[in-house]
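Undergrad: Here is a sequence together with a model predicted from it:
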Protein chains: 2
Amino acid sequence: MSNISELIERFIIGTMGDAESVEISRNSLAEHFSCAPSQINYVLDTRFTVDKGFIKESRRGGSGYIKISRVKNNDKNAYLSSLVCESVGDELTYKRLTQILDKLVSDEIVLPNEKLLIETALSDDSLEMPFTIKDKVRAKSFKNILLKLMIKN
Amino acid sequence: MSNISELIERFIIGTMGDAESVEISRNSLAEHFSCAPSQINYVLDTRFTVDKGFIKESRRGGSGYIKISRVKNNDKNAYLSSLVCESVGDELTYKRLTQILDKLVSDEIVLPNEKLLIETALSDDSLEMPFTIKDKVRAKSFKNILLKLMIKN
DNA sequence: GTATGGTTTGACCATCTCTGACTATACATA
DNA sequence: TATGTATAGTCAGAGATGGTCAAACCATAC
């Protein structure tokens, strides 16, 4: 099977090589593969996800770009990675969040101050919305934070 | 990534160095970068904002000028308080959030790592919901964070 | 051959940059 | 004081990106 999406995926990974990040131009890539620009978004959304260890940033307008970063492979990241997949999942209650953060602080991966700020940002009070959505948003957000912690080293 | 606006921004910051203020001539700068004079205004409006800690003064006519100064804040809590009321308000875009955080970092109220985490927690990607709600949630959450920062001392 | 789910596309949206026409103000000088 | 010159300011619009979403398309399992 070699649909365009896989080709684009391989191309991006190839371009990335051993680097930690790569910058692409959505339109150029689309032109290179003779596909709709939104196809690039599809590939990014389905293959370069947080769960797979990727973080994306982008900017529109003149000289806009899409930057894709990934995490390195080391023990600490493997640990954080397992948290992303197993402990956090698709929903995360506030209580569970604080438990995980306590562990991260005692492991000296997160500073007490940072823990405070994360807890505040993702508290029930901060996330003003229905309960189920809250847990989903908290999960997504916290997974992004864990990813960021992985990239930081 | 090297549009004129960024070059001009860097040029001004470079010219400023460690000084508290710098004076430029709109027309000369425009000529130096071979762009429309109004481009200078665009750069000033988008990059040298109050949220980023800059204040501008200017004068038209013969030997006119534009003076750009950095603001210093002495009373930390008063400053944070004004942020809560004036800069954040009921809705907060991601871009505005990063601008405020940049200022807080340069004022050494927030550490670079903390900025990263807050940005990540409150990114559009983390907050998976319709746009207007996003900005509302981000505002509420960030105001909570600012309050926490006030209490911390 | 039908159902299911991943893939692809296109129409429309959001955002950032850049320009030019027009406006406002300060100064110099007649 | 009146007028011309030298500035800077404003704003609408064009151009250049990337984002979203729903519908069409297609491959596979049953």
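TA: Arrived safely, thanks for sending.
Undergrad: use CA for all of it now, contacts and neighbours both
TA: Noted.
Undergrad: residue contacts, the residue nearest the centre of chain A?
TA: The centroid of chain A falls nearest to A:Val50 when counting by CA atoms, centre = their mean (3.2 Å). The contact partners of A:Val50, by CA atoms under 8 Å, 6 or more residues apart in numbering or on different chains, come to A:143-144, A:147.
Undergrad: which helix is the longest one in chain A?
TA: Ranked by residue count under DSSP state H, the longest helix found in chain A is helix A:131-152.
Undergrad: Could you pull out the buried residues of it?
TA: Of all the residues in helix A:131-152, those buried under the rule 16 or more other CA atoms under 10 Å in any protein chain shown are A:134-151.
Undergrad: So, low pLDDT: which residues of chain A?
TA: A:1-2, A:129-132, A:152-153 (pLDDT under 70).
Undergrad: What residue in it is the furthest from its centre?
TA: Most peripheral residue of chain A (CA atoms, centre = their mean): A:Ser34, 27.7 Å.
Undergrad: from what I can see, it looks like it's in a strand, true?
TA: No. Counting by DSSP: H, G, I helix; E, B strand; the rest coil, A:Ser34 is not found in a strand; it is coil.
Undergrad: tell me the helices in chain A, going along the chain?
TA: Using DSSP H, helices in chain A cover A:4-16, A:26-32, A:37-47, A:75-82, A:94-106, A:112-121, A:131-152.
Undergrad: Just put the ones you listed in a markdown table and tack on distance to DNA strand C.
TA: Shown next, in a markdown table, are these (distance: least, CA to the nearest atom of the strand, whole Å):
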| stretch | distance to DNA strand C |
| --- | --- |
| helix A:4-16 | 4 |
| helix A:26-32 | 8 |
| helix A:37-47 | 4 |
| helix A:75-82 | 22 |
| helix A:94-106 | 29 |
| helix A:112-121 | 21 |
| helix A:131-152 | 19 |
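Undergrad: For A:Ile66, which of these is the nearest?
TA: helix A:26-32 (6.9 Å; CA to CA).
Undergrad: Confirm for me that A:Ile151 is in contact with A:Val71.
TA: Yes. Counting by CA atoms under 8 Å, A:Ile151 touches A:Val71, with 5.0 Å between them.
Undergrad: burial count for A:Asn41?
TA: Neighbourhood size, A:Asn41 [other CA atoms under 10 Å in any protein chain shown]: 15.
Undergrad: Kindly report the same for the one 3 residues further on.
TA: Per other CA under 10 Å, the neighbour tally for A:Leu44 reads 20.
Undergrad: One more: the one 3 residues further on?
TA: A:Arg47: 16 surrounding residues under other CA under 10 Å.
Undergrad: Distance of A:Asp102 relative to DNA strand D?
TA: 32 Å (CA to the nearest atom of the strand, to the nearest Å).
Undergrad: With A:Ile118 instead?
TA: 23 Å.
Undergrad: likewise A:Arg138?
TA: On the measure of CA to the nearest atom of the strand, A:Arg138 and DNA strand D end up 18 Å apart.
Undergrad: Cross-check the contact I'm expecting between that residue and A:Leu92.
TA: Yes. Contact status for A:Arg138 versus A:Leu92: in contact at 5.9 Å, counting by CA under 8 Å.
Undergrad: How about stretch A:24-42 and chain B, touching?
TA: No. Against chain B, stretch A:24-42 shows no contacts by CA under 8 Å from any CA of the partner chain, the least distance being 10.5 Å.
Undergrad: Mind listing what's buried along that stretch?
TA: Going by 16+ other CA under 10 Å, stretch A:24-42 has these buried residues: A:24-27, A:29-30, A:33, A:37, A:39-40.
Undergrad: could I have it exported to PDB, CA atoms only?
TA: Provided in PDB are the C-alpha atoms of stretch A:24-42 (Å, rounded to 0.1, in the frame of the first residue of the first chain):
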ATOM      1  CA  ILE A  24       8.000  22.600   6.000                       C
ATOM      2  CA  SER A  25       5.900  24.800   3.800                       C
ATOM      3  CA  ARG A  26       2.400  23.400   3.400                       C
ATOM      4  CA  ASN A  27       1.900  24.700  -0.100                       C
ATOM      5  CA  SER A  28       5.300  23.600  -1.400                       C
ATOM      6  CA  LEU A  29       4.900  20.100   0.000                       C
ATOM      7  CA  ALA A  30       1.400  19.900  -1.500                       C
ATOM      8  CA  GLU A  31       2.700  21.000  -4.800                       C
ATOM      9  CA  HIS A  32       5.600  18.500  -4.600                       C
ATOM     10  CA  PHE A  33       3.100  15.700  -4.200                       C
ATOM     11  CA  SER A  34       0.500  17.200  -6.500                       C
ATOM     12  CA  CYS A  35      -2.200  17.000  -3.800                       C
ATOM     13  CA  ALA A  36      -4.500  19.400  -2.000                       C
ATOM     14  CA  PRO A  37      -2.800  21.500   0.700                       C
ATOM     15  CA  SER A  38      -5.300  20.200   3.200                       C
ATOM     16  CA  GLN A  39      -3.900  16.800   2.600                       C
ATOM     17  CA  ILE A  40      -0.800  17.900   4.400                       C
ATOM     18  CA  ASN A  41      -3.000  18.700   7.400                       C
ATOM     19  CA  TYR A  42      -4.500  15.300   7.200                       C
END
